[in-house]
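In: generate coordinates for the sequence data below:
(2 chains)
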Amino acid sequence: MRGARRPPSGRSPRSKDLAKEKQGAFAVIRDRTWEERVQFARRWGITAAALGLVIFLVLLGRRHGFGVPEYLQFALDGLRGGSIYALVALGFVLVYRVMGVINFAQGAFVMLGPMLTAFFYEQGWPPVPGLRLALAALLAVGIVGALGMAVERLTLYPARRASPLTRIIITVGVYLALQGAALLLWGPYAKVLPSFTTMSLSDPTLRFGGVRVKAQSLWIAGTLIATVIALGLFFGHTTVGKAMRACAVNRLAARLMGIPVDTMSTLAFGMAAVLGAIAGIVLGPVTRATYDMGLELGLKGFVAAIMGGLVSFPGAVLGGLVLGVLENLWAGVTVAGFKDLFAFVVLILVLLLHPRGFAGAEAAVERV
Amino acid sequence: MNRHGWLAIALIIVLLTACAAPTPTPPPAATPTSALIAPSTPTPAPKVGSPYKIGFIASITGPGASLGIPERNTAQLVQEQLKAQGGIIGPDGVRHEVQILIFDDESKTDTAASVARRLIEQEGVVVLVAGTLSGPSLAMVPIATEAKVPMISMASARSIIEDPETKKMREWIFKPVPENLHSAQKQADYLKAVGVTKVCHLYENTAYGQDTFASAQAIFPQAGIEIVYGDAFERTATEFPQVERVKASGCQAVVIGSIPPASALVNVAVRDALPEIRIIHGHGSCSPDLMKTAGAAAEGTVMPCGKILVADQLPDTDPVKKLNLDFVKAYQDFTKGEPISTFAGHAYDALQWALAALKTLPDGLSLAEQRAKVREALETTIRDFPGTHGIFNLSPTDHLGFNYADFVMVIVKDGKFQILPEDQWK
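Out: Model prediction:
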C-alpha cells in the first residue's frame, strides 16, 4: 500500500520515507541526540582506528617478507602473554568491583605464586616430580590466597574509610613490601619451575607447519579457560558469589540485606591473590621467576583491566588477549625494543578516549 | 577509626623505608686501632697512620643484584683479608687500616648518585670502587669527577672511562672490566674463523645491551661480518617476536648481548625456532645462571669469558692461573660454596687496584692530596698487573689496560663451561 502510494503522493510523507530508505543505518544517528552521536562516532572511530592499526602493522610486516605463518606465530605467542595479562586483569577487576580499589599489590601475588612453588618444589619431597609440583603449586596458591586475605585485613580494612587514593597507595606499599620480603627470603637469583609437561627444564615444542607452540602455552590457555568457567559458575550459581556481586552493585544495599560486606572484601582480595598466583605459576616455566617479575606483569594486567573498563570480567579477558596479541605483533614488525611502550600508550589512549573500554553500558551501570 | 588508618599508613611507610634504605653492610666496624697490631702480623709496624676509607657501591638489590651480590661478597672477603693482614703498609713503613664501606645503589642511577655523594662528602673516602651496572656507574662519573675522587667502576660500558664525544679518557675514572668492544673483537675472531659473514644481533634494552650492539657495529664490519638484523628486547620479556625477524633475515649466527636470565630466555626462543643456528653470547652471560635457566638450549653456545670462570682448565703456564685459583678458593670458603662469578672477579680486581694505589701513599697527606695521588698511582703503577681477567696495563691514555686476547672462548658442554681453544673453532 505504502509503496504504491509513494510516487505520486504529497511531499511530506514522501520525503520522510525517502530519507529512511536512502540513509539506512545513518537514520539511526538522526534519531539520536548530539551526545549520543558523539559517543557513536567515538566508538566506531576507535574501532576503525584499532583496525587501521592492525592493518598498518600487518603492512609493516610485509616489508620484512612476513607471511601467514609469521603472523600466526605472533598471534599465538601474543595469546600466551595475553592469557597471563587476562588472569592478572581478572584479579584487578574483582577487587575493583567489590572494594572500589585498584590493587597494585596484584603484581606481588603474581610473583609469589611461582616463587613459592619453586621453593616448595626444591624441597625434594615427595619424590615423584609431578605430584611434587602439583602439591607445591597447591600449597603456594593456598598461601598466597591466605596472604591476600591477611593483607586486606591488616592494611586495607583498617583504612576502609580512607579515600580511594590512600587505599591505592597502601596497595603500592604492600607491593613494595612483599617484593622486598621476597628478595630477602630468596635473593635476587631466578628460580626455575619445570615444564608441566616434561617435568624438566626443556619444554616440548609442538610444530604445526611453520608455527611453533610450546606445550606450556597450552597449559596457560587451559588455565585461563578453566578459570573463566570457574569464576562464571562461582558468580552465577553460588550464594557467596551472588553476595559478592551484590556488594559490587551497591555496598549499602548489600549490607542492609545482611551480607557481610567486609568479609566479602577480604574474600575478594584473597581470590584476586589466588588468580595472580595461578597466573604466575603457569607462566613460571616459560620465563623464570624472579623477585621483581611482578611489577611488569601487574602493570600489563592493569592495562588489560583498563581496556576492559575495569569492571567487566569478559572485558578484562578480552583486554588481556587483545593487548597480548597487538603488543607482540607491534614488537614483531617494528622495533621490538619499544614493546612495553605499546602497552602503556594503549593505557593512556584508552583512559583518554574511551574509559569504558570493551565494557560498554555495563560500566556505566556498575561503576561507583 | 581514622587513627587505625593512619597507623596502617605509618606501618607501610616504616616497611617501605626499611626496604628502600641503602643497607650499609656491614657497619664500618670501629675496630680499635690497637687491636690491629695483633701478634698475627710478623713485622709489627712501629707507626700507625690514619685509616683509609674505600667507598664500595654495588647493586646489591634490584635487577643487578645477581651481579652485585658476588661483588659485595668479594668486598667483605677483601675486608676480612685486610683485617687479618692488619691493613696496608705505605712506602714510608707506616701502617694504615683500610675500611671498605659497602653500600647498595639498588640498581638505580639516582640512588647511586646520592650514595656516592654521601660517601665522598660525609665519609671522606679516598677512592670509590663503585658501580655494578653501567647506568649507575655513569651516574656517579660526574660526581666523582667534580669532587676529584678516583673511581673504579665494576661495570663494562666504554663510556664510563671514555668521554664518547671527545674520545678522551675521563681523568678520574677507571675500570678493570673488559668491555663489549673486547668481547666483540673476540667474537669477530671466532665468527671469522668459523666462516660466518651474516649475523643477527639481539640485545637487552639497557645501557649494557645497547653497548654490546654499538660495539658489534663498530667491530664486526672490519672483520667482514655484516649485521643484517639488530633489535632490542626488554629484560622482562616473555615473548620474543624478534626470532621471526631473525628467520626472515637469513643470518648464519645470532649474537645475544644480554645478561641471564634474560639472555637465557632469548637463547631458548632462538634455539626453538632455529635448531641449527649458531648462538654467541657476550661476556655478560658467563654465569652458571645461563645453563640453570636455558637448560639444554644452552648446549653448544659459545661466548668470550674471563679466565676466572675456567681457571682450573687454564694451562699451567698461564700467568694468572694461580691468582685465580687462590681467589676462587678464598671466595668459596668465605661464602660457603657459592659458585664463582666473573663479577666477583671484577670486584676483586677493582679492590686490588685501589689497594695497590693506596699502598703508594706516604703518611700525612690531606684527603685531597691522597685522592689525587691515588689517581696518579692508578695510571702509573698498575703495569703488568695480574688480575682475574688477565694482565692489566694502565696508562694516562688507557684506564682499562686490557688486551682482548686475554678473553678465552668458552663453549657450553654438558651444562658446564669449557674452554674452546682456537684450534677447535669450527
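In: torsion angles phi and psi at residue B:228?
Out: Backbone torsions of residue B:228, given as degrees, to the nearest 10, read phi -80, psi -20.
In: which residues touch it?
Out: When contacts are counted by CB atoms under 8 Å, 6 or more residues apart in numbering or on different chains, residue B:228 touches B:198-200, B:249-251. Yep, even glycine has a C-beta here, placed from its N, CA and C like the rest.
In: can you list the buried residues in stretch B:177-188?
Out: By 16 or more other CB atoms under 10 Å in any protein chain shown, the buried positions in stretch B:177-188 come out as B:177-188.
In: for stretch B:394-407, same thing?
Out: For stretch B:394-407, burial by neighbour count (16+ other CB under 10 Å) applies to B:394, B:399-402, B:404, B:406-407.
In: now tabulate those residues in a markdown table and tack on distance to residue A:244 and pLDDT.
Out: Listed next are these as a markdown table, based on distance: CB to CB, whole Å; pLDDT from 0 to 100:
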| residue | distance to residue A:244 | pLDDT |
| --- | --- | --- |
| B:394 | 68 | 95 |
| B:399 | 64 | 94 |
| B:400 | 62 | 92 |
| B:401 | 67 | 91 |
| B:402 | 63 | 93 |
| B:404 | 64 | 91 |
| B:406 | 65 | 92 |
| B:407 | 61 | 93 |
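In: of these, which is the nearest to residue A:325?
Out: Nearest to residue A:325 among the buried residues of stretch B:394-407 is residue B:407, at 41.8 Å by CB to CB.
In: follow-up on the earlier one: between the buried residues of stretch B:394-407, which is nearest residue B:288?
Out: residue B:407 (18.3 Å).
In: list the contacts of that closest one.
Out: Contacts of residue B:407 by CB under 8 Å, 6+ apart are B:178, B:182-183, B:186, B:283, B:304-306, B:389-390.
In: next step: the residues you listed restricted to strands.
Out: Per DSSP state E, strands hold the following members of the contacts of residue B:407: B:304-305, B:390.
In: want to throw those residues into a markdown table with pLDDT and distance to residue B:341?
Out: Shown next, in a markdown table, are the ones in strands among the contacts of residue B:407 (pLDDT from 0 to 100; distance: CB to CB, whole Å):
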| residue | pLDDT | distance to residue B:341 |
| --- | --- | --- |
| B:304 | 94 | 16 |
| B:305 | 92 | 11 |
| B:390 | 92 | 17 |
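In: and these near chain A, which?
Out: Contacts with chain A are made by none of the ones in strands among the contacts of residue B:407, judged by CB under 8 Å from any CB of the partner chain.
In: list only buried entries from the residues you listed.
Out: In those, the ones that pass as buried (16+ other CB under 10 Å) are B:304-305, B:390.
In: just the closest of the residues you listed to residue B:335, please.
Out: Closest approach to residue B:335 among those (CB to CB): residue B:305, at 20.2 Å.
In: quickly list what that closest one is bridged to.
Out: Beta bridges link residue B:305 to residue B:408 when assigned by DSSP bridges.
In: the helix or strand hosting residue A:138: how far from the chain's middle?
Out: Here residue A:138 sits within helix A:129-151, counting by DSSP states H and E. In this view, helix A:129-151 has its centroid 22 Å away from the chain centroid, taken as CA atoms, centre = their mean, to the nearest Å.
In: same question for stretch B:144-158.
Out: Using CA atoms, centre = their mean, the offset of stretch B:144-158 from its chain centre is 13 Å.
In: and that stretch, end to end?
Out: Length of stretch B:144-158, first residue to last, CA to CA, to the nearest Å: 17 Å.
In: that stretch near chain A at all?
Out: No - using CB under 8 Å from any CB, stretch B:144-158 never reaches chain A; the gap is at least 16.0 Å.
In: circling back: among the buried residues of stretch B:394-407, which one lies nearest to chain A?
Out: residue B:407 (25.1 Å; CB to the nearest CB).
In: give me the distance between the closest one and residue B:183.
Out: In this view, residue B:407 and residue B:183 are 7 Å apart by CB to CB, to the nearest Å.
In: again, but for residue A:209
Out: 38 Å.
In: what do you get for residue A:286?
Out: 28 Å.
In: next: residue A:231.
Out: To residue B:183, residue A:231 is 50 Å away according to CB to CB.
In: check residue B:420 too.
Out: From residue B:420 over to residue B:183 the distance is 15 Å, taken as CB to CB.
In: and whichever residue of the stretch 51-200 of chain B sits closest to chain A, what does it touch?
Out: Per CB to the nearest CB, residue B:65 is where the stretch 51-200 of chain B lies closest to chain A, at 3.0 Å. Contacts for residue B:65 (CB under 8 Å, 6+ apart) come out as A:183, A:187-188, B:59, B:107.
In: for the residue nearest to residue A:153 when sequence neighbours are not counted, what are its contacts?
Out: Distance criterion CB to CB, 6 or more residues apart in numbering or on different chains; nearest residue to residue A:153, sequence neighbours excluded, is residue A:266 at 5.9 Å. By CB under 8 Å, 6+ apart, the contact set of residue A:266 is A:149, A:152-153, A:157.
In: so where's the longest helix in chain B?
Out: Longest helix in chain B, counting residues (DSSP state H): helix B:65-85.
In: just chain A next, same as before
Out: Assignment by DSSP H gives helix A:68-99 as the longest helix of chain A.
In: need the per-residue pLDDT for residue B:63.
Out: Looking at residue B:63, its pLDDT stands at 75.
In: state the helix or strand in which it lies.
Out: Counting by DSSP H and E, residue B:63 is held by no secondary-structure element, helix or strand.
In: gap between it and residue B:204?
Out: Using CB to CB, we find residue B:63 at a distance of 10 Å from residue B:204.
In: overlap of the contact sets of these two?
Out: Contact with both residue B:63 and residue B:204 is made by residues residue B:235, according to CB under 8 Å, 6+ apart.
In: which one's more surrounded, the two?
Out: A count of neighbours by other CB atoms under 10 Å in any protein chain shown puts residue B:204 above the other of residue B:63 and residue B:204, at 25 against 21.
In: now the more buried one. Nearest residue, chain neighbours left out?
Out: Using CB to CB, 6+ apart, the closest residue to residue B:204 is residue B:258 (4.0 Å).
In: close enough to count as contact, that neighbour and residue B:205?
Out: No - applying CB atoms under 8 Å as the test, residue B:258 and residue B:205 come out as separate, 9.4 Å apart.
In: overlap in contacts, those two.
Out: Taking CB under 8 Å, 6+ apart as the contact rule, the neighbours common to residue B:258 and residue B:205 are B:233, B:235.
In: settle it for me: which of the two has more neighbours?
Out: More crowded of residue B:258 and residue B:205, by other CB under 10 Å: residue B:258, with 27 against 22.
In: who touches the more buried one in this structure?
Out: Going by CB under 8 Å, 6+ apart, residue B:258 touches B:202-204, B:208-209, B:212, B:233, B:235, B:266, B:281-282, B:284-285.
In: just the ones of those in helices?
Out: Using DSSP H, the subset of the contacts of residue B:258 located in helices is B:208-209, B:212, B:266.
In: closest to residue A:61 among those residues?
Out: Checking the ones in helices among the contacts of residue B:258 one by one against residue A:61 (CB to CB), the nearest turns out to be residue B:266, at 20.6 Å.
In: the stretch 201-350 of chain A: helices as residue ranges?
Out: Ranges of helices within the stretch 201-350 of chain A are A:215-237, A:239-249, A:251-256, A:261-283, A:294-307, A:313-333, A:339-353, based on DSSP state H, counting those that start in this stretch.
In: let me have these in CSV, extended by mean pLDDT.
Out: Formatted as CSV, those follow (pLDDT from 0 to 100):
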stretch, mean pLDDT
helix A:215-237, 94
helix A:239-249, 91
helix A:251-256, 90
helix A:261-283, 95
helix A:294-307, 92
helix A:313-333, 90
helix A:339-353, 84
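In: having no further points to raise, I will conclude here.
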